[in-house]
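J.: Turn this into a model:
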Amino acid sequence: MELVQGFRRVTIAAVGPVVAAELETLGVQVDIMPRENAFFMKPLVRELAAALMKVTNLALRHRMSKTLKVQVIEKARALIEDERHWCRGELARDVNASSICPTDSGAERRCALGALMAAAYQITNDLSRAYDLAKIAPAGGAGDAARIH
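T.: Below is the predicted model of the structure:
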């Protein structure tokens, strides 16, 4: 009985309708199953990956932990704490005042959004995810991050 209750708290995948039917007779609800009569591992893995991406994107948009937000903001503040590390009009500038990606190791000065992006990149090591985190780290969401720049 405890095992079936535990299954209700997790996502259950079945490789096909035979496995799904057997699980359901045991009281376990199947959440993910390959579509289009393709009941083998590759389609199942695709469905699992799609479900994971959906959950990950929702978590980023709506449930980013306050701790992670605080980490990003604290790292960003440290990057631009000294006014000599501030810039306007670009996300970041190098030592020659040329525009540069804020996550580049040659970035000497950053705007607030550039600092948030750089800080998020230091945490995630993923440029796309860093940009998403930088947009939602400020309390008000993407609109506020866009106005910072």
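
J.: Mind pulling up the pLDDT for the residue of the chain positioned farthest from its centre?
T.: In terms of distance from the mean C-alpha position of the chain, T25 ranks first, at 36.4 Å (CA atoms, centre = their mean). pLDDT, T25: 90.

J.: do the same with P138
T.: At P138, pLDDT is 73.

J.: for it, helix, strand, or coil?
T.: coil (DSSP: H, G, I helix; E, B strand; the rest coil).

J.: same check, this time on K54
T.: The three-state assignment at K54 reads helix, by three-state DSSP.

J.: neighbours of it, just the number please.
T.: 10 (other CB atoms under 10 Å). (Each C-beta comes from the backbone N, C-alpha and C, glycine too.)

J.: State the distance from the residue farthest from the centre of the chain to R93.
T.: 64 Å (CB to CB, to the nearest Å).

J.: just I100 next, same as before
T.: Relative to R93, and taking CB to CB, I100 is found at 6 Å.

J.: Name the residues contacting each of these two.
T.: Common contact partners of I100 and R93 (CB atoms under 8 Å, 6 or more residues apart in numbering): A107.

J.: Which residue ranges make up each domain of this protein?
T.: 2-61, 64-148 (automatic domain parsing).

J.: Pick the most buried one from those domains.
T.: domain 64-148 (a mean of 17; mean count of other CB atoms under 10 Å).

J.: P138 touches L116, doesn't it?
T.: Yes: using CB atoms under 8 Å, P138 is in contact with L116, at 7.5 Å.

J.: ranking the domains of the chain by mean pLDDT, which is last?
T.: Looking at those, the bottom one is domain 2-61 with a mean of 79.

J.: what's the distance between the nearest residue to T124 once chain neighbours are set aside and L113?
T.: Nearest residue to T124, sequence neighbours excluded (CB to CB, 6 or more residues apart in numbering): A130, at 5.3 Å. Remark: distance between A130 and L113 (CB to CB) = 11 Å.
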